[in-house]
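Q: Pasting the sequence and the predicted model now:
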Amino acid sequence: MKFWLVFVLFLNFADAHVLKVFARQDGNFVEIKSYFNASSPCKGCEVSIIADGKVIQSTKTDDKGMARLEIKADKFEIFVDGSLAHEKRINFVADMSNVAADEPQESDFILKFISSLAIIFAVFGALYIIKRRR
Amino acid sequence: MHIGEGVLLPQIIIPANVVAGALSAYLVYKLEVKDIPKIACMSAIFFIASFIHVPLGPTSIHLILSGLVGAFLGMNAVLAVLIALFLQALFFGYGGISVLGVNLLVLALPAILGRYFLHLSFMKYQKFCWFLAGFVPILVSALTLSGVLVLNGKEFVAVAGLALASNFALMAIEGVISLFGIGFIYKVNKDLLR
C-alpha cells in the first residue's frame, strides 16, 4: 500500500513536468501554446519548425508560453524544447487555402488601381453634384 | 518623394495637417463647378504618374507631374493632389495617412508655381517657361522635403541631402514632360491652358 501511494505521488509529480504543446492556425500564422501545467507555461522555450527534416524557422515562447510564426510549409513538425529533457514534438498540417501568398497578387494591384481611379471620380462627382445644387 | 509613417516628429506632423486641412477646406468651399471635371482628371493623372518608374542607376524614381497638375489647376492642384495622395497611402503604402498633410504641402504648394510659369509663357520665353513649369515645382518640393527632414533632427541631415540629390534627374525629366505636354495642349486646345 505504501508503495502504491508513493508511486501515485510520483506519477502526479511527473505529470506536472510533462510538456504539452498545442498549435492552431490563424490565417497565415501558426499559434503555438506550450505549458507544463495550467499555472506553469513553458517560458522562453525554444520552438523549431521542421519541414522535410530541416529546421526552417525557430523562435522562443513568451512569458505565457505562446509563440507565433508565419506558415511557410503545408506540413511540418513543431518541436518545443522546454530544457532539462522536457521536449515535445507534434505534427501540424496547415490549411493552405487560408494562407495568403507572400507576394501581392497582380490582380489585387489592378483591382486597387482601378478602384482608386473610380474613387477619385466618385469623390469629385459627389462634389460636382453638391456644388451644382447650391 | 513621399515621407512615410513614423518618420516625422509630431511637432511637424500636427501643424502641417492643420494647415493642409484648413487650406483644403477653404479650396472646397471656393471650388467652382466648372473646374471640378478638370481637377478629377488631373488627380487621376497625378495618381497614375506615381506608378511610372524611371530606372536611374541602381535605383528608380517615379514621376510626380505636380508641375503639370499645377499649371492646369493653379490652387486647385491641392485638391487633386490630396485625393491622389490619400488613395496612394490607403491602398499602396506610398506615404501615410498621418503624414498626409506634410506630403500634401511638400508636393502641392510648389505645384502652384507651374501655373505661374504657364502665365509667364504667354508673355515671353514660351518653351523655356513650359520646361520650368515642370522643373521648378519638383525643385521646390525636393528643397521643402529636405528642409522638413533637417527640421526633424540632425540624424536626418544626410537623408535630406540624398533626397535632394536623387531628385535632380527627376526635375529634368519632369521639365521635359511638361515642355512637351503643355506644348501639345497649346497646339490642340489653347483654351484649356487659360
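A: That came through fine.
Q: Against residue A:133, how distant is the residue nearest to residue B:71 when sequence neighbours are not counted?
A: Take residue B:71 and drop its neighbours on the chain: the residue closest to it by Cβ to Cβ, 6 or more residues apart in numbering or on different chains is residue B:114, 3.7 Å away. Heads up, the C-betas are built off the backbone N, CA and C, glycines and all. Distance of residue B:114 to residue A:133, computed by Cβ to Cβ, to the nearest Å: 32 Å.
Q: Comparing those two, which residue is more hemmed in?
A: residue B:114 (31 against 7; other Cβ atoms under 10 Å in any protein chain shown).
Q: For the helix or strand where that one lies, enumerate the helices and strands it packs against.
A: Residue B:114 belongs to helix B:100-121 when elements are defined using DSSP states H and E. For helix B:100-121, the elements it packs on are helix B:10-30, helix B:66-73, helix B:77-87, helix B:126-152, helix B:168-188, judged by 3 or more Cβ pairs under 8 Å, 6 or more residues apart in numbering or on different chains; DSSP states H and E.
Q: Identify the residues contacting the residue in chain B positioned nearest to chain A.
A: Nearest residue of chain B to chain A: residue B:40, at 3.6 Å (Cβ to the nearest Cβ). By Cβ atoms under 8 Å, 6 or more residues apart in numbering or on different chains, the contact set of residue B:40 is A:120-121, A:123-125, B:80.
Q: Then residue B:157?
A: Contacts of residue B:157 by Cβ under 8 Å, 6+ apart are B:149-150.
Q: switch the cut-off to 10 Å
A: Counting by Cβ atoms under 10 Å, 6 or more residues apart in numbering or on different chains, residue B:157 makes contact with B:146, B:149-150.
Q: PyMOL command for the buried members of these?
A: Restricted to buried positions by 16 or more other Cβ atoms under 10 Å in any protein chain shown, the PyMOL selection for these reads:
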select buried, chain B and resi 146+149
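Q: so can I have a markdown table of the contacts of residue B:157 showing pLDDT?
A: Listed next are the contacts of residue B:157 as a markdown table, based on pLDDT from 0 to 100:
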| residue | pLDDT |
| --- | --- |
| B:146 | 90 |
| B:149 | 88 |
| B:150 | 89 |
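Q: Which single one of the contacts of residue B:157 is nearest to residue A:41?
A: Nearest to residue A:41 out of the contacts of residue B:157 is residue B:149 (Cβ to Cβ; 45.0 Å).
Q: Hmm, that closest one is touching residue B:164, no?
A: Yes: the pair residue B:149 / residue B:164 is scored as a contact, 9.3 Å apart, by Cβ atoms under 10 Å.
Q: picking that back up, mean confidence score for the helix holding residue B:114?
A: For helix B:100-121, mean pLDDT is 92.
Q: and the residue of chain A nearest chain B?
A: For chain A, Cβ to the nearest Cβ, closest residue to chain B: residue A:124, 3.6 Å.
Q: Next, count neighbours for that residue.
A: Based on other Cβ under 10 Å, the number of other residues close to residue A:124 is 23.
Q: ok, now the one 3 residues further on?
A: Residue A:127 is flanked by 18 other residues according to other Cβ under 10 Å.
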